[in-house]
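[1] make a model of this:
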Amino acid sequence: MAKFISRRAVAVTFGALVLTLAGGGIAAAQTTTAARPAAQTGQPGVGSGAAARSGQPPVTPARAAAAKAALKKGVSPSFINGATSFGVVSSAGTLLRSRDAVSATKFGAGQYEVIFNRSLTRAAYVATVGTTQDCCIPPAGEISVAPRLSTPNGVFVQTYDSAGNPADLPFHLAVFTP
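    You can find the predicted model right below:
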């Protein structure tokens, strides 16, 4: 008698079926015109345009000029291409320690901007809620990072408490560039 289906094929098929059902089955796109709840819209934002969609405060002419000046200033002579840049920022938005970060600004509850002295257009960002002291465990919370709108050398950071509400928390930000 011929063997039509191997045990491995049955196991793989069964595994795929289990994962599909565990993941909620097959999804279908659905258009909607209703407003989505705040929890589904990403970062909180006010107003219209790109700033409202991203949740980032709008870039003022003064902030844009300061970022452009930092970019023109250039990197330090000790900069090595591919090196990690970082910034340690307090909950009040003060830049405490850094490599290549030149300023930090707090906009609102848990909203921060960190400006670097070089372009970050091809960079990757990693941030964690951290302590600004030489000891202690950092406060519990969550953090998210994104490129700063209209600012090629800026990173936008949003911090949240454990319940998901915007909260002022200290953080460590690392930037990796190719």
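
[2] what's near enough to touch the residue nearest to Ser162 when sequence neighbours are not counted?
    The shortest distance from Ser162 to any non-neighbouring residue, by C-beta to C-beta, 6 or more residues apart in numbering, is to Ala140 (4.8 Å). C-beta coordinates here come from the backbone N, C-alpha and C atoms, glycine included. Residues in contact with Ala140 (C-beta atoms under 8 Å, 6 or more residues apart in numbering) are 129, 161-162.

[3] same check on Arg122?
    So Arg122 contacts 177-178 (C-beta under 8 Å, 6+ apart).

[4] do the one 5 residues further on as well
    Shown here is Ala127, whose contacts under the criterion C-beta under 8 Å, 6+ apart are 143-145, 157, 171-174.

[5] where in this protein is pLDDT low?
    1-54, 72-82 (pLDDT under 70).

[6] buried stuff in the helix or strand where Ala127 lies?
    According to DSSP states H and E, Ala127 maps onto strand 124-129. Residues of strand 124-129 classed as buried: 125, 127, 129 (neighbour count, 16 or more other C-beta atoms under 10 Å).

[7] convert that strand to CSV, retaining C-alpha atoms only.
    Provided in CSV are the C-alpha atoms of strand 124-129 (Å, rounded to 0.1, in the frame of the first residue of the first chain):
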residue,chain,number,x,y,z
ALA,A,124,17.7,53.2,13.9
TYR,A,125,16.5,54.3,17.4
VAL,A,126,16.3,52.3,20.6
ALA,A,127,15.1,53.8,23.9
THR,A,128,14.3,52.5,27.3
VAL,A,129,12.9,54.0,30.4
